[in-house]
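Student: pasting the sequence and the predicted model now:
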Amino acid sequence: MSLSADRLHPMANAIRFLAMDAVQQANSGHPGMPMGMADVATVLYAKFLRFDPQAPRWPDRDRFVLSAGHGSMLAYALLHLTGYAAPTMADIRNFRQLHSPCAGHPENFELPGVECTTGPLGQGLAMAVGMAIAERHLNGTFGDGLVDHATWVIAGDGCLMEGINHEAIGLAGHLKLGRLNVLWDDNRITIDGDTDLSTSEDIPARYRAAGWHVTQCNGHDFADIERALAEAAADPRPSLVACRTVIGKGAPNKQGGHSVHGSPLGAEEIAAARVALGWTSAPFEVPAEIVADWRSLGARGAEARAAWEQRAASDPQGAEFARRMAGDLPAGYDPAAAFAEWYGKSQKVATRKASELALDVLTPLIPEMVGGSADLTGSNLTKTKATGPLTPDNYAGRYVYWGIREFGMAAAMNGMALHGGVIPYGGTFLVFSDYCRNAIRMSALQHARVVYVLTHDSIGLGEDGPTHQPIEHVMSLRMIPNCEVFRPADVIETAECWQLALANANGPSVLALSRQNLPQLRDSGPNLCAQGAYRLRAASAPRRVVIVATGSEVEIACQTRDALEAQGIGADVISMPSWSRFMAQPASYRDDILPQNVLRVSIEAGTTFGWEAITGLAGLRFGIDRFGASAPAEQLYDYFGLTAAKIAPQIVAALA
């Protein structure tokens, strides 16, 4: 059924009044964008978007991303009106209230139909680029019968101003992601006022220069909107549609001004809007005939989904596609067997090299792993023989050359993971995790299965100096909830940490890896890193000291322990590759690893901040609480006092 303009207009007004009423009741929120983009969103859902409210996770649905997440009532209104189980009208009445799924910004873990959590401007669009990459990759692997859908984005001026936008659109243009369409809410308003206060750039020209198709429309003319969206859908390039809109459209006295961006309209203005638009229904009520028109769109999607399910059932690759989309690792995947040949050897390699060796084992076994690096492939060592380049000529490739786009890479990997069917991993230097940080935080918030390979993790990188030497980074990443941070000590721990990262389907994992070579400190056995910390060396003399270390400093801890034992002082060495996993262990295990009535010592080539949680206030903490320096690694470790020769005497003195 094709809906005419006279039917679309009241459908759009339903969005407007749900938005203004919910924001008014909450006395908080952003009514202007949902009201301004209601006409565009109505045409998108009525004419183009392929979705089924009865099967929100249908793999070949179109993805819709509200990058301008502050306008969340647009998403909630659309989900409710089209017939998703949630949000209910009661949920919408509770907009922005505790325990309501209608949060201030859309959250993917609250509502089926919300593809990703948005709000930090620009990241929604960048995640959509990742979704479009995943779609093309899976299409290149499984064909049109199983994967052939579009990604649609609504973005505002703020999304296009953010620096991540430059990174994201440059990559999308380079990769020719023609199934990606961005609908720009060109209302020329920001919180501060008109956009000409802060920008005068030619945004369409910028997108054209990045290889995009650009068109425009009157965002309040249904026929013109349909023309522009059809043009975008047909073009083989990614498309930007500049939708010229009036923010707060329908509010007779406030539309077009910045005051409607982020504040309730007020009862008087809402009453005036009801008169101006001929809307006679009470707040939070939508006439049955308008609801019926909206629900008819979901029924259309059900037919498309049923046809896809028939194709998937008869497709020889259907089961494998379903496995990948479910996030299950391959049947028969046995990491212990895969790494069996490592055991019994003694390999002195940097943990970044150990990571490459692990990836050489893992990537042939787990075909959904798609790797990449932000122009540091030869340093991060993230590419393997099994991961050929992903290009416009070969979307089935498994390695993305992200270029110098750390933030864009991290956000796009979130989109890839949330799309499903791939496990993305990407590399850069640990110090440049600052460029990625908000996207890493969003990985954790969204439960996105992303692996960050962050190399050159300490002063051990040497001569590049303090600009490249992480100090606070590992500890700051540990502070992010639901983000697993691993800092392995040798080749064995690196392999174990990779296995744990891949098994972590509910959030991101960070691997902090060394530039310098490290000795192998133990051999085969169960995955001890799974416990977060374990006793690597037990005291021979009566135990008086427990030395806890991570990564490259575990070797130093072992040397310090030997120096103490030579003096008759018993010392354990605890390797702690994962703080979060150790803290999750039963109290009995933690008390055994970190007993009372001994001196606890920590060694980590980074900030000592936070280590009091392990050592107690009476313990000793060896680290670096200033910026590094430019020199060979060995000299730096000596200069900063991170050697057994300098640590052991201080422990002896503390015991005296």
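Tutor: Alright, I've got the coordinates. Numbers count the residues shown, from 1 in each chain.

Student: from now on I want contacts and neighbour counts done on CA atoms only, so please keep to that.
Tutor: OK.

Student: measure stretch 99-107 end to end?
Tutor: When the termini of stretch 99-107 are compared using CA to CA, to the nearest Å, they are 12 Å apart.

Student: now do stretch 418-432
Tutor: Distance across stretch 418-432, first residue to last, is 23 Å (CA to CA).

Student: what about that stretch, average pLDDT?
Tutor: Taken as a whole, stretch 418-432 carries a mean pLDDT of 98.

Student: list the buried residues in it.
Tutor: For stretch 418-432, a neighbour-count test (16 or more other CA atoms under 10 Å) marks 418-432 as buried.

Student: contact partners of the lowest-mean-pLDDT helix or strand in the chain?
Tutor: Least confident helix or strand, the chain: helix 335-338 with a mean of 80, by mean pLDDT, DSSP states H and E. Around helix 335-338, the neighbours that count as contacts under CA atoms under 8 Å, 6 or more residues apart in numbering are 361-362, 499.

Student: and those residues, which is closest to Leu138?
Tutor: Leu362 (19.3 Å; CA to CA).

Student: contacts only, for that closest one.
Tutor: Leu362 touches Ala338, counting by CA under 8 Å, 6+ apart.

Student: then Val65?
Tutor: Here Val65 is in contact with 114-116, 124-125, 128, 151-154 (criterion: CA under 8 Å, 6+ apart).

Student: which helices and strands sit right next to the lengthiest helix in the chain?
Tutor: Secondary structure assigned by DSSP state H gives helix 288-314 as the longest helix of the chain. Using 3 or more CA pairs under 8 Å, 6 or more residues apart in numbering; DSSP states H and E as the contact criterion, the elements in contact with helix 288-314 are helix 5-26, helix 72-82.

Student: would you mind finding the most buried of those?
Tutor: Scoring those by mean neighbour count under mean count of other CA atoms under 10 Å gives helix 72-82 as the most buried, with a mean of 25.

Student: got the angle between it and helix 5-26?
Tutor: Following axes from the mean of the first three to the mean of the last three CA atoms, to 10 degrees, one obtains 120 degrees for the angle between helix 72-82 and helix 5-26.

Student: helix or strand next in line after helix 72-82, which one?
Tutor: Stepping forward along the backbone from helix 72-82, the first helix or strand reached (DSSP states H and E) is helix 89-93.

Student: and that next one, which residues are buried?
Tutor: Judged by neighbour count (16+ other CA under 10 Å), helix 89-93 contains these buried residues: 89, 91-93.

Student: Thr560 reaches Ile651, doesn't it?
Tutor: No - in this structure Thr560 lies outside contact range of Ile651 using CA atoms under 8 Å: 9.3 Å.

Student: going along the chain, name the helices of the stretch 251-400 of the chain.
Tutor: Remark: helices assigned in the stretch 251-400 of the chain by DSSP state H, counting those that start in this stretch are 267-277, 288-314, 318-326, 335-338, 351-365, 377-380.

Student: just those helices: most buried one?
Tutor: When you average the neighbours per residue for each of the helices of the stretch 251-400 of the chain (mean count of other CA under 10 Å), helix 351-365 leads with a mean of 22.

Student: how distant is that one from the center of its chain?
Tutor: 22 Å (CA atoms, centre = their mean, to the nearest Å).

Student: same thing with stretch 242-256?
Tutor: Relative to its chain's centre, stretch 242-256 lies at 33 Å (CA atoms, centre = their mean).

Student: ends of it, how far apart?
Tutor: Looking at stretch 242-256, the gap from its leading to its trailing residue is 17 Å under the measure CA to CA.

Student: for it, which positions count as buried?
Tutor: Using 16+ other CA under 10 Å, the residues of stretch 242-256 that count as buried are 242-252, 254-256.

Student: Thr560 and Ile651: who's more crowded?
Tutor: For Thr560 versus Ile651, the count of surrounding residues by other CA atoms under 10 Å is larger for Thr560: 23 against 20.

Student: how about the more buried one: what's its closest non-neighbour residue?
Tutor: Ala644 (4.4 Å; CA to CA, 6 or more residues apart in numbering).

Student: hmm, the one you found is touching Gln559, no?
Tutor: Yes - in terms of CA under 8 Å, Ala644 counts as a neighbour of Gln559; the distance is 5.7 Å.

Student: now Ile480: how far from Phe486?
Tutor: Relative to Phe486, and taking CA to CA, Ile480 is found at 13 Å.

Student: so Ala629: helix, strand or coil?
Tutor: Classification of Ala629 using DSSP: H, G, I helix; E, B strand; the rest coil returns coil.

Student: need the contact list for it.
Tutor: Listed by CA under 8 Å, 6+ apart, the contact set of Ala629 reads 459, 463, 465-466, 636.

Student: just the buried ones from the residues you listed?
Tutor: Applying 16+ other CA under 10 Å to the contacts of Ala629, the neighbour count classes 459, 465-466, 636 as buried.

Student: out of those, the closest to Glu406 would be?
Tutor: Using CA to CA as the measure, the one of the buried ones among the contacts of Ala629 that approaches Glu406 most closely is Pro466, at 19.3 Å.

Student: burial count for the residue lying closest to Glu472 once chain neighbours are set aside?
Tutor: Ranked by CA to CA, 6+ apart and with sequence neighbours excluded, the top spatial neighbour of Glu472 is Thr607, at 5.4 Å. The number of residues packed around Thr607, counting by other CA under 10 Å, is 22.

Student: I'd assumed Ile624 was in contact with Thr607.
Tutor: Yes - taking contacts as CA under 8 Å, Thr607 lies within contact range of Ile624: 5.1 Å.

Student: hey, what's in contact with both of the two?
Tutor: By the contact definition CA under 8 Å, 6+ apart, Thr607 and Ile624 are jointly contacted by Ile471.

Student: picking that back up, as JSON lines, the buried ones among the contacts of Ala629 with distance to Ser580 and secondary structure would be great.
Tutor: Below are the buried ones among the contacts of Ala629 laid out as JSON lines (distance: CA to CA, whole Å; DSSP: H, G, I helix; E, B strand; the rest coil):
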{"residue": "Ile459", "distance to Ser580": "24", "secondary structure": "helix"}
{"residue": "Gly465", "distance to Ser580": "30", "secondary structure": "coil"}
{"residue": "Pro466", "distance to Ser580": "28", "secondary structure": "coil"}
{"residue": "Leu636", "distance to Ser580": "29", "secondary structure": "helix"}
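
Student: would JSON lines of those residues with distance to Ala267 be doable?
Tutor: Conversion of these to JSON lines gives the following (distance: CA to CA, whole Å):
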{"residue": "Ile459", "distance to Ala267": "60"}
{"residue": "Gly465", "distance to Ala267": "60"}
{"residue": "Pro466", "distance to Ala267": "57"}
{"residue": "Leu636", "distance to Ala267": "66"}
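
Student: of all those, which comes closest to Ser198?
Tutor: Out of the buried ones among the contacts of Ala629, the member with the shortest distance to Ser198 (by CA to CA) is Pro466, at 34.3 Å.

Student: residue contacts, that closest one?
Tutor: Applying CA under 8 Å, 6+ apart, we find Pro466 in contact with 459, 627-630.

Student: and if we set it to 6 Å?
Tutor: Counting by CA atoms under 6 Å, 6 or more residues apart in numbering, Pro466 makes contact with 627-629.

Student: gap between it and Ser630?
Tutor: Pro466 is 7 Å from Ser630, where distance means CA to CA.
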